[in-house]
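**Q** could you work out the structure for the sequence below:
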Amino acid sequence: MKDKIRIYFEQKIKIHIDCYNGRYYNGEVIEFNPDKGFIILKDRVLGEMPIMFEDIQNIEKYKERDEE
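**A** Predicted coordinates for the structure are as follows:
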């Protein structure tokens, strides 16, 4: 998963994250810290959110509604 997040971070690709607690986030990774096991995601609604790798259930490229 770290490699996948690194690619999204380096290429500034917007992502969708599902967490084990049922929450989800949409935005861009603005900080990637693999040594400490977290990212800072700039969520399009909530702003900057720290998310631990262990909380992430699934991560994929964000799809705009009209891309479906």
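
**Q** ok, residue 46 - contacts?
**A** Residues counted as contacts of residue 46 (CB atoms under 8 Å, 6 or more residues apart in numbering) are residue 25. Every C-beta, even on glycine, is put in place using the N, C-alpha and C of the backbone.

**Q** what's the pLDDT at it?
**A** The per-residue pLDDT reported for residue 46 equals 96.

**Q** which strand is the longest one in the protein?
**A** What stands out as the longest strand in the chain, according to DSSP state E, is strand 24-33.

**Q** what's that strand packed up against?
**A** helix 2-10, strand 15-19, strand 38-43, strand 47-52 (3 or more CB pairs under 8 Å, 6 or more residues apart in numbering; DSSP states H and E).

**Q** partners of that strand in the sheet?
**A** Partners of strand 24-33 in the sheet, by DSSP bridges, are strand 15-19 (antiparallel), strand 38-43 (antiparallel).

**Q** from the ones you listed, which stretch is densest packed?
**A** Highest mean neighbour count among the strands paired with strand 24-33 (mean count of other CB atoms under 10 Å): strand 38-43, with a mean of 20.

**Q** could you tell me the average pLDDT over it, please?
**A** 98.
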